[in-house]
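**Q** Sequence and predicted model, in that order:
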Amino acid sequence: MPKHVFVTGGVASSLGKGLTASSLGRLLKMRGLKVTMQKLDPYINVDPGTMNPFEHGEVFVTDDGGETDLDLGHYERFIDESLTRASNATTGSIYQSVLAAERRGDYLGKTVQVIPHITDEIKRRIHRVSTDDIDVVITEVGGTVGDIEILPFLEAIRQFRNEVGRDNVCYIHVTLVPFIGPSGEQKTKPTQHSVSELRSRGIQPDVIVCRSEEVLSESLKRKISNMCDVPEKHVINAADARNIYELPLILHDEGIDSVVCETLRLDAAIDLSPWEELVEKVESAVTPVRIGLIGKYVDYQDAYLSIVESLKHAGFAHGAKVEIDWIQAEEVEGLLTAGRLENLDGMIIPGGFGPRGIEGKIAAATYARENNVPCLGICLGMQVMTIEFARNVLGMLDANSTEFDPSTQHPVIDLMHDQRDVTDKGGTMRLGAFYAVLQPGSKVAALYGEPVVSERHRHRYELNYNLHNRFEDKGFICSGTSPDRRLVEFIELAEHPFWVGTQAHPEFKSRPDRPHPLFMGLIGASLANTESNAASKTEGARQNAVG
């Protein structure tokens with residue numbers, strides 16, 4: 001039977017429950033244990049797929065097509081395991097299942113209630129990921145203790161321990177120890193109140209993880225231990241780290257994995273050396289490289305979380321410190337006039353939906369193409385690169401996507417044929433992992449090093465393959481297609497250092513110790529561009545001096 005760790009949070013949101021859970025998962029995996037992870041989210045949406053990026057950040061897509069919470073991205077990057085749609089359950093999806101069961105008559109006419117029906121469904125979701133090949137399931141409960149929405153989840157995980165046995169469950173509570181400036185002290189009262197609230201729901205935490213700006217003193221740990229009724233060594237301090245990938249090592253030094261293994265009666269030695277090597281690589285990546293991110297949601301950077309992390313991963317491997325220039329797509333045309341894009345070593349045009357900022361993205365793609373600036377287009381990014389090429393090279397002046405201009409005479413981007421008559425937007429997405437066949441000798445084939453690849457998708461429009469011959473005659477290469485050759489998966493320019501687009505979302509598969517090939521290609525080309533620009537400036541300065 002798998003062991004279970006439940007991670008809850010208190011005092012404030014965004015304390016780092018997801019990163020704490022992910023770091024613990026990595027530590028347990030380095031002990032040779034098979035780990036999987038899960039997020040229970042209290043919001044009533046069925047999934048985050050139709051939520052505004054400014055509300056929820058990015059939607060993380062799993063191989064099986066699940067549209068899930070962005071914390072699953074942290075889970076996958078840290079434990080290096082592909083999760084499924086079962087790893088994310090929301091209040092909305094749980095109530096949806098219970099109501100469907102009630103309509104089918106599964107409850108035999110009984111009154112449907114939060115206890116036992118909703119709590120039983122929550123427990124079923126936990127058991128769904130508890131397969132026989134798993135040693136430890138780590139489940140993060142979203143929200144904070146005290147939220148009205150979280151109560152059924154707390155009751156469910158309280159019951160869970162009684163059902164599977166005390167030695168099979170460990171409760172971890174993440175809380176805040178703030179520093180109060182006027183008094184010059186770190187305060188434990190928020191932690192005490194948060195644990196008290198959790199205990200009022202019938203859950204006594206086994207481990208308390210204290211988030212703080214600075215390291216806690218031993219006396220404060222003793223105070224928290226006494227007031228919250230946990231052993232002192234079970235009070236773990238997660239002070240602010242230099243980078244998120246250092247967190248597993250910090251938590252290990254605090255003893256979190258040892259305490260969890262002791263609580264769950266697990267005995268396994270740990271080998272930290274691979275992660276220590278990664279952190280050393282992160283700290284030694286110092287060569288600056290400036291990447292412009294041309295986005296529609298740049299005011300809320302969590303909307304591009306996986307892209308940011310993927311850029312950093314590639315930077316680690318190249319010994320480069322990636323500096324991201326957040327550029328609002330709607331402002332690109334004005335920034336071109338001001339020369340803002342001239343300072344970029346490379347550029348990335350990410351995905352998105354809707355017409356806002358499209359012309360700015362197209363202008364950025366034009367600038368990158370005409371000035372040999374390395375550019376990676378992702379999903380919508382690939383589509384605007386295609387529109388740009390059609391307009392400015394092929395002479396299709398009104399070329400567009402039918403998403404933005406249904407009446408365009410040159411629909412270079414269009415709905416997939418089998419989805420044109422579907423009216424339910426939730427049912428028209430191409431979601432999850434799909435295979436692509438790469439063209440031998442292409443840039444993407446060289447980067448991947450294999451002829452067939454699998455990438456995750458989240459879109460409903462495609463490059464119009466009927467036009468591909470006109471594009472390829474001008475050096476625009478469709479360098480990867482679906483196995484049946486109906487859909488274009490990758491594009492690139494033959495005579496450009498790196499102008500590459502993909503219909504997929506490669507950022508979902510990048511790992512800190514195994515960067516994604518496309519991001520490796522972008523950063524590598526951008527570093528070469530940096531060196532070329534530096535050489536040109538040096539030569540220009542020399543000539544001016546001579547003159």
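**A** Looks like it came in fine. Everything quoted here is computed from the prediction, not taken from an experiment.
**Q** Output stretch 155-168 as PDB, nothing but the C-alphas.
**A** What follows is stretch 155-168, C-alpha atoms only, in PDB (Å, rounded to 0.1, in the frame of the first residue of the first chain):
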ATOM      1  CA  GLU A 155     -12.500  16.500   6.400                       C
ATOM      2  CA  ALA A 156     -11.600  14.000   3.600                       C
ATOM      3  CA  ILE A 157      -7.900  13.800   4.500                       C
ATOM      4  CA  ARG A 158      -8.800  13.600   8.200                       C
ATOM      5  CA  GLN A 159     -10.900  10.500   7.500                       C
ATOM      6  CA  PHE A 160      -8.300   9.100   5.100                       C
ATOM      7  CA  ARG A 161      -5.800   8.600   7.900                       C
ATOM      8  CA  ASN A 162      -8.300   6.600   9.900                       C
ATOM      9  CA  GLU A 163      -9.100   4.400   6.900                       C
ATOM     10  CA  VAL A 164      -5.500   3.600   5.700                       C
ATOM     11  CA  GLY A 165      -3.700   3.600   9.100                       C
ATOM     12  CA  ARG A 166      -1.800   6.200  11.000                       C
ATOM     13  CA  ASP A 167       1.600   4.800   9.900                       C
ATOM     14  CA  ASN A 168       0.600   5.400   6.200                       C
END
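**Q** neighbouring contacts of it?
**A** By CB atoms under 8 Å, 6 or more residues apart in numbering, the surrounding residues in contact with stretch 155-168 are 1-4, 6, 114-115, 118-120, 122-123, 126, 139, 141, 169, 171, 201-203, 263-265. Every C-beta, even on glycine, is put in place using the N, C-alpha and C of the backbone.
**Q** are any of these buried, and which?
**A** 2-4, 6, 118-119, 122-123, 126, 139, 141, 169, 171, 201, 203, 263-264 (16 or more other CB atoms under 10 Å).
**Q** what sits against the residue lying closest to G49 once chain neighbours are set aside?
**A** Leaving aside its sequence neighbours, G49 sits nearest to E67 (CB to CB, 6 or more residues apart in numbering; 3.5 Å). Contacts for E67 were tallied using CB under 8 Å, 6+ apart; they are D47, P48, G49, V59, F60, V61, L431, R458.
**Q** Between its first and last residues, how far does stretch 26-42 reach?
**A** For stretch 26-42, the separation between the terminal residues is 25 Å (CA to CA, to the nearest Å).
**Q** can you tell me the average pLDDT over it?
**A** Here stretch 26-42 scores 97 as its mean pLDDT.
**Q** One more: stretch 69-78?
**A** Rounded mean pLDDT across stretch 69-78 is 96.
**Q** ok, residues contacting it?
**A** With CB under 8 Å, 6+ apart as the criterion, stretch 69-78 contacts 17-19, 21-23, 25-26, 37, 39, 41, 48, 56-60, 62, 81-83, 87-88, 140, 142, 248, 302, 305-306, 309, 508, 510-512.
**Q** rerun that using 6 Å as the cut-off
**A** 18-19, 22, 25-26, 37, 39, 41, 57-58, 60, 83, 87-88, 305-306, 511 (CB atoms under 6 Å, 6 or more residues apart in numbering).
**Q** Strands - which of the residues you listed land there?
**A** M37, K39, D41, F60, N88 (DSSP state E).
**Q** right, and the pair among the residues you listed with maximum separation?
**A** Farthest-apart pair in the ones in strands among the contacts of stretch 69-78 is M37 and D41; separation 13.3 Å (CB to CB).
**Q** if I pick G295, what's in contact with it?
**A** P350.
**Q** Give me the pLDDT for it.
**A** So, for G295, pLDDT stands at 94.
**Q** which stretches of this protein have low pLDDT?
**A** For the chain, the stretches with pLDDT under 70 are 416-427, 533-547.
**Q** where exactly do the strands run in the stretch 351-500 of the chain?
**A** Taking DSSP state E, counting those that start in this stretch as the test, the strands found in the stretch 351-500 of the chain are 375-378, 400-401, 411-415, 430-438, 452-459, 461-463, 476-481, 488-493, 499-502.
**Q** which of these is buried the deepest?
**A** For those, the largest average neighbour count (mean count of other CB atoms under 10 Å) is found in strand 375-378, namely a mean of 29.
**Q** and for that strand, what are the contacting residues?
**A** M347, I348, I349, P350, G351, A368, M385, W499, V500, G501, L522.
**Q** wait, which of those residues is closest to I148?
**A** Nearest to I148 among the contacts of strand 375-378, with distances taken as CB to CB, is G351, at 34.3 Å.
**Q** if we can go back for a sec, please tabulate the strands of the stretch 351-500 of the chain in TSV and include distance to Y107 as additional columns.
**A** Converted to TSV, the strands of the stretch 351-500 of the chain look like this (distance: least, CB to CB, whole Å):
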stretch	distance to Y107
strand 375-378	45
strand 400-401	47
strand 411-415	41
strand 430-438	31
strand 452-459	35
strand 461-463	42
strand 476-481	49
strand 488-493	46
strand 499-502	47
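**Q** Which of the ones you listed sits closest to C228?
**A** strand 452-459 (41.5 Å).
**Q** The closest one - contacts with which helices or strands?
**A** For strand 452-459, the packing partners by 3 or more CB pairs under 6 Å, 6 or more residues apart in numbering; DSSP states H and E come out as strand 430-438.
**Q** re earlier: point out the ones among the contacts of strand 375-378 that are inside helices.
**A** Among the contacts of strand 375-378, DSSP state H puts A368, M385, L522 in helices.
**Q** The residue nearest to G49 bridge partners, please.
**A** V61 (DSSP bridges).
**Q** Contacts only, for R340.
**A** Per CB under 6 Å, 6+ apart, neighbours of R340: none.
**Q** G143 too?
**A** P42, I150.
**Q** what are the phi and psi values for it?
**A** Note on G143: its backbone torsions stand at phi 80, psi -170 [degrees, to the nearest 10].
**Q** That one and K17: what is the separation?
**A** 9 Å (CB to CB, to the nearest Å).
**Q** Mutual contacts of those two, please.
**A** Joint contacts of G143 and K17 (CB under 6 Å, 6+ apart) do not exist.
**Q** ok, the closest residue to K233 other than its chain neighbours to L518 distance?
**A** What sits nearest to K233 in space, not counting adjacent residues and going by CB to CB, 6+ apart, is G255, at 5.9 Å. Note on G255: its distance to L518, by CB to CB, is 39 Å.
**Q** Which one's more surrounded, those two?
**A** Between G255 and L518, counted using other CB atoms under 10 Å, the more crowded position is L518 (28 against 15).
**Q** wait, that one sits on H505?
**A** No - using CB atoms under 6 Å as the test, L518 is too far from H505 to be in contact (10.6 Å).
**Q** about what we covered before: sort out which of the contacts of stretch 155-168 are in strands and list them.
**A** Those of the contacts of stretch 155-168 mapping onto strands are K3, H4, F6, T139, V141, V169, Y171, per DSSP E.
**Q** And those, which is closest to P274?
**A** Among the ones in strands among the contacts of stretch 155-168, and counting by CB to CB, the member closest to P274 is K3, at 23.2 Å.
**Q** For the stretch 201-350 of the chain, which segments are assigned as strands?
**A** 207-212, 235-239, 287-295, 320-328, 346-349.
**Q** Could you identify which of the ones you listed is most buried?
**A** Mean neighbours per residue, mean count of other CB under 10 Å, is largest over the strands of the stretch 201-350 of the chain for strand 346-349, with a mean of 28.
**Q** other SSEs contacting it?
**A** Packed next to strand 346-349, using 3+ CB pairs under 6 Å, 6+ apart, are strand 287-295, strand 375-378.
**Q** Could I get the ones you listed in JSON lines, plus columns for distance to E155?
**A** Putting the helices and strands packed on strand 346-349 into JSON lines (distance: least, CB to CB, whole Å) gives the following:
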{"stretch": "strand 287-295", "distance to E155": "40"}
{"stretch": "strand 375-378", "distance to E155": "41"}
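**Q** Which stretch among those strands approaches R356 most closely?
**A** strand 287-295 (11.0 Å).
**Q** and the angle from the closest one to strand 320-328?
**A** 20 degrees (axes from the mean of the first three to the mean of the last three CA atoms, to 10 degrees).
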